[in-house]
Structures are given as structure tokens and as C-alpha cells.
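In: attaching a predicted model along with its sequence, questions to come.
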Amino acid sequence: MSRARQPPLVTGISPNEGTPWTKVTIRGENLGSGPNDLFGLSICGHNCLLTAEWMSASKIVCRVGPAKDDKGEIIVTTKSGGRGTSTVSFKLLKAERIGILDQSAVWVDERNYYDMRTDRNKGISPLSLRPANPLGIDIDMAKIPLKDLESMFPGMSGDFTSENFSATWYLIENHSGTSFEQLRLAVGNLKKQASKKNEGSLAYVKGGLSTFFEAQDALAAIHQKLESDGTEKVEGSMTQQLERILNKASDTADTLFQEVLGRKDKADSTRNALNVLQRFKFLFNLPLNIERNIQKGDYDVVINDYEKAKSLFGNTEVPVFKKVYAEVETRIRALRNLLLDKLLETPSTLHDQKRYIRYLSDLHASGDPAWQCIVAQHKWILQLMQNCKEDFIKEQRGTHILMSEPLNGLDSRSSALSRISHTASLRRGSSFQTPRDDSWRSKSPQQVRFVEKLSDVVISQLPNFWKLWISYVNGSLFSETGEKSAQVEKLRKNARQRQNDFKGMIEEVTRRLVLLVRGALLPSTLYEEEQRLYGGWDTNTSLTGAWLTQIIHTVRLSHEALSALEIPNDLLQVIQDLLLDLRVHCLLVTLQHTAEDVKRLPEREDWIVDNEGITSLPAQFEHCMVQMLQSLKEPMECKPGEVNVRRTVHNKFCAELIHKQMILPNIASVPLYCWLFTCGGKVRVLFASVDLASPDVFGSFHEHFGPSPEQRFLIILSNCQYLERHTFLNLAEHLEKHGFTTAEKITRVSVEAVRQLDEHLFESYIEKKSDPIVGSLEPGIYAGYFDWKDCLPPTGVRNYLKEALVSIISVHSEVFTVSKELVPRILSKLIEAVSEEMSRLMQCVSSFSKNGGLQARLEILALKDAVEPYLTSESQVNFKQALEALPQLQSGADKKLLEELLNTFKSSMQFQLYCFQPSSVQPVKR
């Protein structure tokens, strides 16, 4: 709302006491926009609008009328602002007629005093010369109570000088007993007074013109008489005698009245001095009043009194007034300096800054205080940011010091970042929350707390800085009275000319914010000189992805807060660039740390399997990957106006990421790692080779624990199988949930990598288990110089085959203890190796005797029947080739013998061979 529409406010009246018809000067605010806007003016309840003279919006001159109240307020009413209020009052004194030597408690205006020597008034105002009896007849006062007259004529008055004069009231009060004839005579008197008033002063001159001519003629005749007689030159003439008489009378009068006249002159001087002191006591008391009001902080009163004094005595030539006014100016200059110091003092609220700028504008301070305040605030914000960085670096280096006083001042208030974070979370729903408890602060890294503190400094200070500039541009910082419109327009013009300078200030603040954050988190993106100014942090320990995500969240909140101020986007582009670099850096660090965490998973392997034959390692791997995806949610999310980080990573960092080979080492507890990273559709899988058959391959892992190396192989195979069938499927769902469009490709490549690892481990395990069994077959067959051409009739299966079966049963037991799902796969492969060896050995025999052929057939069929549930097509082919290499049975007796021997073998080893039968027994948890 503009000041012109506010109600009038009277803050001063000079003089503040006097008799009726005293001329007074009223000062205040919003006293109307012009003479036509002034709607009403009352002093002590009397309407003074008829004598009011509107001078300006802060000054009105009028005369005080004969009011009923001895003391009352000064109420101004305007059309634009309505009825106003008053902070001062006027005291109405009773007029007394006194002589020049009479003592008086108040000063009597010399222009209207009674001269007792001439028995007439001097310089009486025309208003005071109005006749006391306008009807010109005898007054017959009636004894009617005044209250009855007021009730009969509400709002009226019997005073004929009043605006609300009632003739009926006057006649009842003064002529209730007057006859009709007397009233008729009074009407004639009123008509005569009216006609005389119309004639004016010229009629009086015409009426006395003949008297003037007669006096002139008499003086001329006396002059001619004296010249003709020549008596004016004769000693003792009438003229000289008259002169002597007059001089003697004058000397006698001086002798008689010298003391009286001296007292009169002294009284005149004293009265004149008292008049000056009383009339101008406002000016004489003003220096002391200014000092007192400054100490109390009542700057509005000081400015109002100064404006009044300046309008009254600014151009005075009276020496004493000039001296006092010079002292007033000295106090005002000191006040200007005081207000300017308070304006430039930091920290300061926006309300105080606007108030001090308006005061300095009203006091006509030199220069541009508003711009000086803006420059000071800009320097203070930059200093706060630099102090924040230095304090945290000192704390990081182990120097325990207190934060600087400006930062302590900020800490005492609630964090602006906390308020913005809370508002943003309410607006978005469930979002990442900024921890604010003391325990979190004690655990968080220095760089994280520094970025939060730095952002809080900018968010808490820059909005007020921006609002101060907006107020400076639109002119609302300055007084808008009509007397200062030219000054206000000049200041607004200066503001428009300094727009580029202020834009540079905002740009410097945002650039400093970005440089300080880069110095703490991304020093490699700064030049050497910038690193020296804005760096200096201990970079031995890098931040994790979770902390970097917190920093991204903080910087985003800062950007949102500054965007809400309608700061141009080009000034905030450096923050967007910082956000992009932070998101990419967070992505890289998160991937790298996740890869390192997965590398360290084997160190936490406890080799305890559950009922499904797996350890906790697959679940830990899945947990690491899920945590990574959750950590990447914030940096991967693309806010309005931000660049898609996936596209940026692909275009800018694809080669670097592929060389780093970040994610998904295998779950195996061996120094074999499968690296997988996808970027823009490109996939790279690398393997490191290792001798899995070495007995020392598991030597560094849990040497105190029970599982043998072979059992650990089985656990690894079980884990790999679980990864392929469950873990990677779950991760694919998480990838799709977090917006990874290449989830299918990632899953496919990961499964392929695990399969290759599984095959490598499986082949190594089969080789380790099958080699002893296969290697023992040939020596067992030819033990004791056995010869297929010359041997005894068969009596049963020889021991070498039983030992081979026991070895296979041992493998079955070992595998079944870990995971029964691995039993068919491992035993089938193991039996393929044994059957292949048996086929080779049979095909290498040049000839068989009858007994030899029967013995070989018995042993091959016994082995085949024992492991029948785990036969594969390849092993069946091997057994078939082995039997084809033997001579055919010639008689039924041989077949019967063979069948009896086979039954005897199965009967004798039924408990051993029972493990090869299908079973629902669950493996025992270790």
C-alpha cells in the first residue's frame, strides 16, 4: 500500500499552546495530496478548516478557534486517507488584556496588546474586532442552563463566530425578554452594519475628506501669518516660546518618567527575550532532544524534528538561530554516520537494513547508502563462505578451535537447509532426509559437514541479499513523500545502472560456492591457483557413495532454494554443472567402492551352508548390489533442467569406466574375479587365471575352519548355481525397478560369467576327484600279474572295482553333505570319466580267454548296474563299447554264472550301493 493512502498522522504543532485565533503550524505525515484533499481539521474539538492553509503533505497552517476544551488533539481528515490521529496536543489559553508593565505567566503577542496610555488596542486582528453585541441593543441574559440549550440544539453553538452558529440559540440566550420593537430596531442595526461593511475603507476616507482639507487650510494660514510678521526670526517670538515650553515639558516628563520608562524598556527586553525563548524553544531544545532520541533509538522523531527545523530555520539570517541550527546539523551529521555504521554492520536483518536506508534517505545522506549496504553484504557473504572453509580445514587437521563469531551467529538459529529439506520432503513425499542429530554430525566426514554448512550459509544469506536488491530497484527502500520524489527517482536510476554490477555479485557468490565445493570434493577439476585458494583438504580418505549422495542432495536443495528466488538461470548454471560433475563422480565412486566391497566378500566367508547348500555369501553379494542401486538413485535421478547422467557417462567416461572394470567380481572364495560393467550397451568381461587344483588355493581363507579344500569347491559350486538361478534374477528386477534399460543384458552377461566360472571350478573338481579313481583302475586290474588270456574262472568282483565304487561313494557323500542338488551333476561326470577309462582299458586288450571275458563282463556290468541312476548317454556309450570289446557268452551256464555273481555282488554291497538310489533325505546342516 502506498503512503498516500495511509491515514494522516500529526506529529508536531508550533506553538503547542495559545489563545483563540493563534496562528499555528501543523506538521506530520500523509496530511493530504493537495488543498482539495483536505476534508477536515479540528483543534481541541473546534473546526479550523475555514482558516486552514495546506502547504504540503507534511505541513498545514491555520488559526485556533474558540474551543470548549482547554486541551485536545489535532485531528486531520483527508479524502484519500480518512480520519487521522495525533501524537501531540494543543493547550488553549484564555485571552487576557494586560498592560505593558503587567506581569504575565504567558507570552502575549505584541501585535495585539492593549496600550494603556492611548487606551486602545494595537494591531488587533480583524477577527478580534468583531462587535461583542452585533444587534446593537441591550442584552437581556436569560437564566437558561447551558445543558438545556445543548440538548435543544445538538451540534450547534450560540457563538456567532462559530461555524455552527444558531441564531435561535443566540436570541434565547441573550434576548429572551427583549420586546418586538427592540428586535425590529436590531434588524435595522444589522442592515446598517452590512451596508457599512460593503462600502469598505474607501467610504471612511470619503467621509473624512473635508476635515483633512480644513486642517490643511488652517496650517497653511498659520504659516503665511508667521512669514508676513517675521516673528519666527525675532527673539522671544511665539515660535521660540512654544519650542522652549515643549522642551521644558519634555525634560520634565523625562525626569518624572525616566525610572518608569527604564523599567519599561527593561521589561520590553525581558519580554522580547522570553518571547523568543518561548516561541522558538523547539529550536533551542532541539540539539538536546536529538541526542536523547538517538540514545533511545527514536530515529523517526529525530528525522521529523530535523525536517521541521530545516523548513523553519534552514535559510535564517538571525545569528543566534544560525548558531543553534549549525549545532543541529552537527548532531544530524553524527546521526548519519551512526546510521551508516549500523547499516554496514554484519550480521543484520533485512528489516533493519531497510529501516536504516530509509532513515538515511530521509536525512539526505550523501552517496548511495543502499548500494553501500549491498556491497557490504556481498563482501560479508563471501567472507562467511571463506571462513567456513578455513574453520573446517583447521578442524580436519586436528586444531580444535571455536568457530568464528559470524558462524556461531548462524548456528544459533535454525538451519535454513533443514527447513528447506523438510519442506521439500513434504512436497515430494518419501524422499532422502538430511540427518540432523548430533550423533550423525559426529560420524559424518568433514567434507560432508562442510558442504552442508556452506550451503546453509548461502541459503540463509543470499535470499535477503536478493530481496534487498529487489527493494533497491523498485525504490521501496526510500521515502516517497512529494518533497523527495526527485531524490527517489535519482536513486532508482542509479539502481538500474548498477544491474550488471549486482549480477556480477550474484555470479561471484555462486561461483565461490561451486569452487569451494569442488576444492573439497573434486580438486582435480580446479586449476593450480584455484586449488591453492579453495583446496587444502586432506584427500587421503575418499568419501563413499552414500556420503556423496548426501552432498548431491544438499546441493540440489541449495539450487532449488535459489531458483525459488527467481534468480536468472544463467547465474545458477555453474551449480548445475557442479551437480553434473558430482553425480558422475558419485556414480564412479559408488561403482568402485561396490567392486571393492564385493572383492572383500570372500574374507567374510564362514563356509556354513544352509539346507539349500549355500553360504551367506550370495545374500551378502545381493545386499551389496541392492545398496549400490539405492545409493545410485539420487545421482542417477534427473531433475528438471539437469542432464541425463547415463548419457554423460557413456559419452565422457565410458573408456575410463571400462578400463577400471568395475562391478561384479564372482562370489567364489578364490583369487578368481569376474569383472563386469555395462556402459552404453558395451560389455567387457575379464578373467584372471588360477590353478584351482593346487592344494594351497584356499590356504589364506579361514585356516582354522573344518571344511576341506574339496568341500569348499563344492560350496563354491553351490553358490554359483544359486547365483545363476536366483540372485541374478532378483538383481534384474532391482535394475528394472531403478530404471536400468540394459538390465536384461547385464543379467545375461553376468550369468554367462558365472557359468564360465562354474564350469572352470566344476572341471577342476571333477579332475581332482576322477584322476585318483581312474588312475587306480589299470593297476587294480593287473594286480598280481593278472592276465586276461590266462586266468581262473570268476568267483566274484575283484577288489579294485569295489575300491573304485567306495571312492565314488565317498565323493557322493562329500557332495551330498554340501548340496544334494550337485550330486547328479558331479557323479554323472565322474562316472563318465570312469566308464571312459574302462572302455579304453577293455579295447586295449588284444584277446580274452573264456574266463577272462567272463570276468571282464562281470566287473563292467557290476559297475554299470551300481551307478545306473547317474548314467548319461556318454557313459552308456562307453559301457557299450567296453562290452563290445569282450567276447560273447557262448553258453547258458556262463550267463547263469554271471547272473549269480552279479546278485552276490549286489547283495554283499547293498548298504554301500544304497546311496546311489533316489532318496528324499535332506543334507545335514554343518
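Out: Good, I have the coordinates.

In: mind telling me what element the spatially most central residue of the chain is part of?
Out: Compute the mean C-alpha point of the chain, and by Cα atoms, centre = their mean the closest residue is Ile459, 3.9 Å away. With elements delineated by DSSP states H and E, Ile459 resides in helix 446-474, which encompasses its position.

In: quick check: mean pLDDT of that helix?
Out: When pLDDT is averaged over helix 446-474, the result is 86.

In: any idea how far the residue nearest to the centre of the chain lies from Val509?
Out: Distance, Ile459 to Val509, using Cβ to Cβ, to the nearest Å: 11 Å. For the C-beta atoms, the positions are set from N, CA and C on the backbone; glycine is no exception.

In: check Val301 too.
Out: 38 Å.

In: what do you get for Arg184?
Out: With distances defined as Cβ to Cβ, the gap from Arg184 to Val509 amounts to 92 Å.

In: quick one: which of these two has more around it?
Out: In terms of neighbours (other Cβ atoms under 10 Å), Val509 is the more surrounded of Arg184 and Val509; the figures are 20 against 10.

In: Glu605 reaches Ala619, doesn't it?
Out: No - because the distance of 12.0 Å does not satisfy Cβ atoms under 8 Å, Glu605 is recorded as not touching Ala619.

In: remind me which residues of the stretch 151-300 of the chain are low pLDDT?
Out: Within the stretch 151-300 of the chain, the stretches with pLDDT under 70 are 161, 195-210, 229-239.

In: rerun at 80
Out: Within the stretch 151-300 of the chain, the segments meeting pLDDT under 80 span 155, 158-164, 173, 176-177, 192-244, 246, 250, 253-265, 268, 271-280.

In: where do the helices sit along it?
Out: Taking DSSP state H, counting those that start in this stretch, the helices of the stretch 151-300 of the chain run over residues 167-174, 180-199, 201-207, 209-229, 238-279, 281-296, 299-313.

In: need those in a markdown table (columns: distance to Ala856).
Out: Formatted as a markdown table, those follow (distance: least, Cβ to Cβ, whole Å):
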| stretch | distance to Ala856 |
| --- | --- |
| helix 167-174 | 157 |
| helix 180-199 | 165 |
| helix 201-207 | 168 |
| helix 209-229 | 180 |
| helix 238-279 | 149 |
| helix 281-296 | 124 |
| helix 299-313 | 122 |
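
In: of all those, which gets the most neighbours per residue?
Out: helix 299-313 (a mean of 19; mean count of other Cβ atoms under 10 Å).

In: any idea which helix or strand comes after that helix?
Out: Once helix 299-313 ends, the next helix or strand along the chain (criterion: DSSP H and E) is helix 319-344.

In: related to what we said a few turns ago, right, and the residue nearest to the centre of the chain touches His559 too?
Out: No - contact criterion Cβ under 8 Å: Ile459 and His559 do not qualify, at 10.1 Å.

In: now Gln912. Nearest residue, chain neighbours left out?
Out: For Gln912, the nearest residue in space outside its immediate sequence neighbours is Ile809; the separation is 5.7 Å by Cβ to Cβ, 6 or more residues apart in numbering.

In: check Trp469 too.
Out: Phe502 (5.4 Å).

In: secondary structure element for that neighbour?
Out: Phe502 is part of helix 499-521, with elements assigned from DSSP H and E.

In: who's in contact with Val626?
Out: For Val626, the contacting residues are Leu731, His734, taking Cβ atoms under 8 Å, 6 or more residues apart in numbering as the criterion.

In: show me where the stretch 801-926 of the chain has helices.
Out: 823-843, 850-866, 873-884, 892-908, 910-913.

In: rebuild those helices as a markdown table, extending it with mean pLDDT and mean neighbour count.
Out: What follows is the helices of the stretch 801-926 of the chain, written out as a markdown table (pLDDT from 0 to 100; neighbours: other Cβ atoms under 10 Å):
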| stretch | mean pLDDT | mean neighbour count |
| --- | --- | --- |
| helix 823-843 | 90 | 21 |
| helix 850-866 | 89 | 21 |
| helix 873-884 | 92 | 17 |
| helix 892-908 | 89 | 14 |
| helix 910-913 | 82 | 12 |
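
In: tabulate these (a markdown table), appending distance to Leu246.
Out: Converted to a markdown table, the helices of the stretch 801-926 of the chain look like this (distance: least, Cβ to Cβ, whole Å):
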| stretch | distance to Leu246 |
| --- | --- |
| helix 823-843 | 159 |
| helix 850-866 | 176 |
| helix 873-884 | 169 |
| helix 892-908 | 181 |
| helix 910-913 | 174 |
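
In: figure out which of the ones you listed is closest to Asp138.
Out: Distances from Asp138 to each of those were compared by Cβ to Cβ, and the smallest falls on helix 823-843, at 145.3 Å.

In: still on that earlier bit, nearest to Leu632, of the helices of the stretch 801-926 of the chain?
Out: Nearest of the helices of the stretch 801-926 of the chain to Leu632, taken as Cβ to Cβ: helix 823-843 at 36.6 Å.
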